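J.: Below are the sequence and a predicted model for it; my questions follow.
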Amino acid sequence: MSFSFQGLALPLLAMMLLTFLVWLVMFVRRISFMSANKVDAQEMVTPADTERLLPAHVQAPANNLRNLVELPVVFYAQCLYLTVFTQVDGFYVICAWVFVVFRYLHSFVHCTYNKVMHRFLLYLVSSVALWVIVLRAVFTVLV
């Protein structure tokens with residue numbers, strides 16, 4: 001496996017692992033809450049029903065999971081693009097890891113104590129890292 005492929009393969013896999021871990025936390029919290037409080041799954045037909053029935057700390061992982069299919073989709077696509085067109089270098093790899101690490105931190109905050117400004121700052125750093133990747137790739141194509 002070449003360095004360039006391995007360089008972005010690991011951050012890609014780390015993001016997929018994060019998505020799985022958040023999904024698992026969501027699943028465990030929901031099932032535990034529903035079992036302990038005798039909530040019938042049929043009462044949660046719509047997202048609005050779910051929001052109404054489950055407390056915020058139980059819903060936080062589900063909200064975070066939705067976040068993990070927003071900007072990370074751009075990340076996945078960009079990593080694949082850079083790999084396919086053999087443009088991966090150390091700068092892209094560093095930016096990719098910054099994105100991943102700050103997404104992990106964002107998810108941790110979101111799924112635990114959920115302080116909005118802490119989450120926002122972590123989201124901001126990860127987003128800047130991603131947009132640097134995207135804009136650099138676009139600039140490279142245009143020049």
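T.: On my side now, so go ahead. Numbers count the residues shown, from 1 in each chain.
J.: Over to residue 61. Which of the three states is it?
T.: Put simply, residue 61 is helix when judged by DSSP: H, G, I helix; E, B strand; the rest coil.
J.: Can you give me the neighbour number for it?
T.: Here the number of neighbours of residue 61 (other CB atoms under 10 Å) works out to 23. For the C-beta atoms, the positions are set from N, CA and C on the backbone; glycine is no exception.
J.: For the closest residue to it other than its chain neighbours, give me its contacts.
T.: In this structure, residue 61 finds its nearest non-sequential neighbour in residue 26, 3.6 Å apart by CB to CB, 6 or more residues apart in numbering. By CB atoms under 8 Å, 6 or more residues apart in numbering, the contact list for residue 26 reads 61-62, 64-65.
J.: got the residue ranges for the strands in this structure?
T.: Under the criterion DSSP state E, the chain contains no strands.
J.: For the helix ranked longest in it, which residues meet the burial criterion?
T.: In the chain, taking DSSP state H as the definition, the longest helix is helix 3-36. Across helix 3-36, burial judged by 16 or more other CB atoms under 10 Å covers 4, 7-8, 11-12, 14-15, 18-19, 21-22, 25-26, 29-30, 33-34.
J.: Show me which residues of stretch 80-88 are buried.
T.: With burial defined by 16+ other CB under 10 Å, the residues of stretch 80-88 counted as buried are 81-83, 88.
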